[in-house]
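> Sequence first, predicted model second:
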Amino acid sequence: MPKVFYSQPDGTERMIDGTAGDSVMSTAVRNGVAGIVGQCGGSLSCATCHVYLADDDQEHFDPPSEDEDDMLDCTASDREDSSRLSCQLILCEGIDLHVTVPDEQT
């Protein structure tokens, strides 16, 4: 069972057991993680699930698609090299992920 570690801007961290095939966003929303709203439900039409993906976890994902890249320009917080929309990060068995919720979203 993959685990997702959600770090908040105040330094607190919450670990949630996820389900392979689910997104980091849907896992957060289902478990009430502060700062991840997912208003569009994962359809790439908002940026309310913006997170910073840990550098060590970047290798598990393809680079952002053109649509995701465009939406990352609309985030409430500054875009960084590690910025991703958590709706596009799909959990895989045996891979734990670490994401940080931006200040502006909490």
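Thanks, I have it.

> Poorly predicted segments of this structure, please.
For the chain, the stretches flagged by pLDDT under 70 are 106.

> and the residue nearest the centre of it, backbone torsions?
Computing the C-alpha centroid of the chain and ranking residues by CA atoms, centre = their mean puts S86 first, at 2.7 Å. The phi and psi values for S86, taken as degrees, to the nearest 10, are phi -70, psi -20.

> Would you agree it is in contact with V33?
No: between S86 and V33 there is no contact, the gap being 9.3 Å when judged by CB atoms under 8 Å. Placement of C-beta: from N, CA and C, glycine included.

> residues contacting the residue nearest to the centre of the chain?
Taking CB atoms under 8 Å, 6 or more residues apart in numbering, we find S86 in contact with 23-25, 28, 36, 38, 49-51, 99.

> In helices, which of the residues you listed appear?
24-25, 28 (DSSP state H).

> quick one: which of those is most hemmed in?
Using other CB atoms under 10 Å as the neighbour definition, the ones in helices among the contacts of S86 reach their maximum at V24, which records 28 neighbours.

> Thought L91 was touching it, still the case?
Yes: counting by CB under 8 Å, V24 does reach L91; the two are 6.8 Å apart.

> any residues in contact with both of these two?
Residues touching both V24 and L91 (CB under 8 Å, 6+ apart) are 4, 18, 97.

> got CSV for those residues, with secondary structure and neighbour count too?
Shown next, in CSV, are the shared contacts of V24 and L91 (DSSP: H, G, I helix; E, B strand; the rest coil; neighbours: other CB atoms under 10 Å):
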residue, secondary structure, neighbour count
V4, strand, 26
G18, coil, 25
L97, strand, 23
